[in-house]
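>>> Here is a sequence with its predicted model. Questions after.
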Amino acid sequence: MKKSLVALAVVAAVPAFAQAQTSVQLTGSVDVAVESLNKHANSSGKSDLQVNDGVWDGSKVGIVGSEELGNGLKAIFNLEYEANADNGRLADTDRFWAGQSWVGLNGGFGTVKLGRQDSPIKGAIEAGDVTGQSWYYNSEDLAGIVDKVDNAISYATPSMGGLTLAVAYASGEATAPAGNDRLNKLNDAYSVGLLGDWGSFRAGVAYQSIDGAKINNIKNTRQIAASVGTQLGAFGAGLGYGQSEVKYETGNAKNKTKGFYGSLSYQVTDNGTAYLSYLRNDPQGEKNTEDGIGLTYAQGLSKRTFVYGTVGIGKAEIPGQDNSKPRRVALGIRHFF
């Protein structure tokens with residue numbers, strides 16, 4: 001009798017689970033360009049014409065999904081594979097899901113994610129970048145800030161008047177050998193960010209700390225970022241600032257890198273947009289400066305297919321050495337799916 005009741009209960013429960021709304025999507029893009037590099041832009045030290053992946057933003061394949069669990073609760077996940085479409089190889093040979101790989105829950109309480117994911121500081125950096133962190137000299141390289149973390153747990157509040165608070169902890173998961181009882185904290189990261197999105201205006205500010213566990217005499221790395229951006233009709237503009245400070249175990253020594261960027265966009269036609277970006281990084285400890293400007297035009301052939309042309313002009317000043325002046329020109333195609 002008891003077995004019959006249990007069986008009936010299981011059978012009754014199955015339709016309820018079967019009726020849950022589940023969504024799984026395959027997304028991504030393929031981005032390849034013909035790129036001309038001068039000797040300063042090419043690692044070989046010689047001018048060259050190449051076919052390269054990722055001049056816009058790289059080729060990637062993503063699997064994203066969600067399941068309605070009832071009462072406003074939803075399960076969510078994201079798996080993102082990054083590839084070099086020019087040669088078919090992995091963009092990151094050390095990991096398959098090099099983009100993101102997380103699972104989480106979303107509801108009225110906010111969003112919780114577990115796995116490899118964007119740090120809250122990434123949102124603070126890209127809030128003002130109207131290029132979408134694309135093309136040459138964009139905000140992605142701001143001050144050497146780490147914007148993606150492994151082994152992480154994060155929480156983001158629901159939007160409150162356009163404001164969202166996000167916090168994250170990432171475990172370095174190292175094993176401490178004899179003589180270094182802090183190595184189990186190696187690469188442990190803590191990050192908190194406040195993001196604002198009011199449609200035509202966006203802003204973000206964030207702080208992040210990464211433990212160095214005495215490796216290479218590094219005590220910790222502290223990073224901050226802030227940006228603002230606006231989109232008014234066909235015109236977009238944004239500014240951002242970032243700072244990364246490495247503190248060492250001995251001598252109270254520090255090495256601070258400061259950086260800032262600016263970006264502009266203008267929708268020239270219904271399907272064509274021009275972009276202008278500028279990035280500058282100043283590694284204080286080495287008295288070097290690196291900056292560059294990028295100019296791009298992207299023309300949509302459809303909602304999913306674009307052709308683009310982009311130019312990057314940079315300069316790196318190193319005391320006592322010849323200045324490097326990299327030049328890059330690319331013509332490419334990107335298709336979204």
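Good, I have the coordinates. Numbering: from 1, shown residues only.
>>> This structure: helices as residue ranges?
If you assign secondary structure with DSSP state H, the helices in the chain sit at 2-18, 120-126.
>>> who touches the shortest one?
Taking contacts as Cβ atoms under 8 Å, 6 or more residues apart in numbering, the residues outside helix 120-126 that touch it are 132-133, 139-140, 142, 145-148, 154, 156, 166-168, 191-195, 204-208, 223, 225-227, 240, 242. All C-beta atoms are positioned from the backbone trio N, CA, C, and that covers glycine.
>>> Please pick the buried ones from those.
Listed as buried from the contacts of helix 120-126 are 133, 139-140, 142, 145-147, 154, 156, 166, 168, 191-195, 204-208, 223, 225-227, 240, 242; burial here means 16 or more other Cβ atoms under 10 Å.
>>> show me the contacts for the closest residue in space to Ala237 that isn't next to it in sequence.
Take Ala237 and drop its neighbours on the chain: the residue closest to it by Cβ to Cβ, 6 or more residues apart in numbering is Leu264, 5.3 Å away. Taking Cβ under 8 Å, 6+ apart, we find Leu264 in contact with 130, 235-237, 275-277.
>>> So in terms of bridging, what pairs with Leu264?
Here Leu264 sits in beta bridges with Ala237, Leu276, as judged by DSSP bridges.
>>> looking at it, Pro326 is touching His40, isn't it?
Yes - using Cβ atoms under 8 Å, Pro326 is in contact with His40, at 4.2 Å.
>>> Buried ones only from the contacts of Leu264, please, as a ChimeraX command.
Written as a ChimeraX command, the selection of buried residues from those, which uses 16+ other Cβ under 10 Å, is:
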select :130,236,237,275,276,277
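>>> from the contacts of Leu264, which two are the most distant?
Greatest spatial distance in the contacts of Leu264: Phe235 and Ser277, 14.9 Å, computed using Cβ to Cβ.
>>> Flag the shaky bits of the stretch 101-250 of the chain, pLDDT-wise.
174-185, 213-214 (pLDDT under 70).
>>> what ranges do the strands span in it?
For the stretch 101-250 of the chain, the strands defined by DSSP state E, counting those that start in this stretch occupy 101-107, 110-118, 148-156, 163-170, 189-197, 201-211, 218-232, 235-248.
>>> what about Gly104, distance to Ser23?
Separation of Gly104 from Ser23 (Cβ to Cβ, to the nearest Å): 15 Å.
>>> got it, and Gly240?
From Gly240 over to Ser23 the distance is 34 Å, taken as Cβ to Cβ.
>>> before we move on, back to that, and Gly54, which of the strands of the stretch 101-250 of the chain is closest to it?
Within these, the stretch nearest Gly54 is strand 148-156; the backing value is 15.8 Å (Cβ to Cβ).
>>> Next, the angle from the closest one to strand 101-107.
In terms of direction (axes from the mean of the first three to the mean of the last three Cα atoms, to 10 degrees), strand 148-156 departs from strand 101-107 by 10 degrees.
>>> Excluding sequence neighbours, find me the nearest residue to Val103.
Leaving aside its sequence neighbours, Val103 is closest to Phe77 (4.4 Å, by Cβ to Cβ, 6+ apart).
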